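# Model the following, please.
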Amino acid sequence: MSVDRDEMSLFAHVDEAETNDTSPASDGGAGLVFWLLIAMSVITFAPCMILPAWREYQTAELAERMSAQQLTAVATELEQLRTQLDAIHNDPAVVARLARRELEFKKPGETVVPVPVAQSLTGEADNTISSDKSKNWKPASPPLPVARLTALLPDYNYDAIFCESPTRETILAMSAILFVSAFVVFWPKKTGDSIIESP
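Next up, the predicted model:
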């Protein structure tokens, strides 16, 4: 008779464990809904955080390249000015040419015919070329796996969705609501101890 009582207590523990089981199959799919809400929350939250940071990186990287080009142009101009200054100090022909052009000196019996020199046009042309080069610059491209993934996405203005107000704040709020709802409503709860004790 004691064996029957032991068997009955074992079956009672097994029934209690089955009622306390929190797997998705036993809780009516609440566990599945919980993980779906968490996944949806992460999927909507991640672009709102990653895309603005990526755009800021692209802007900073483009500004750095433009600054490097301007620095190179200034260094080239400085080298030209140093060469001209060295020529003024050491080359008598350059000094004579400057005296004729700037101070309008002339040798006895010479007739000077003024010829306009468009020196400023050269600088303007250089500035135009550099600005055209900067217009043709493209921002840094994402890593290859990310580029392949984004090529599969539909052609939308994702910056307007995930970077600009008020849509970004709305999506972040929706993501937070989904995350909190998953824990408040669908968090698996245990009703009692589900450990099966051996007789």
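
# State the next helix or strand along the chain beyond the one helix or strand V74 maps to.
Using DSSP states H and E, V74 falls within helix 30-90. Using DSSP H and E, the helix or strand that follows helix 30-90 in sequence is helix 92-102.

# quick one: the spatially most central residue of the chain from A39, how far?
The centroid of the chain falls nearest to W54 when counting by C-alpha atoms, centre = their mean (0.4 Å). Per C-beta to C-beta, to the nearest Å, W54 is found 22 Å from A39. From N, CA and C alone the C-beta is placed, and that goes for glycine too.

# where are the low-confidence patches of the chain?
Applying pLDDT under 70 to the chain flags the ranges 1-28, 117-135, 188-199.

# so how far is A99 from K107?
11 Å.

# Comparing these two, which shows the higher neighbour count?
A99 (12 against 8; other C-beta atoms under 10 Å).

# Pull the distance from the helix holding V74 to the chain's centre.
The chain centroid and the centroid of helix 30-90 are separated by 9 Å under C-alpha atoms, centre = their mean, to the nearest Å.

# Next, the angle helix 92-102 makes with it.
In terms of direction (axes from the mean of the first three to the mean of the last three C-alpha atoms, to 10 degrees), helix 30-90 departs from helix 92-102 by 100 degrees.

# Check which helices and strands helix 30-90 is in contact with.
helix 92-102, helix 119-136, helix 158-162, helix 167-185 (3 or more C-beta pairs under 8 Å, 6 or more residues apart in numbering; DSSP states H and E).

# Thanks a lot, see you next time.
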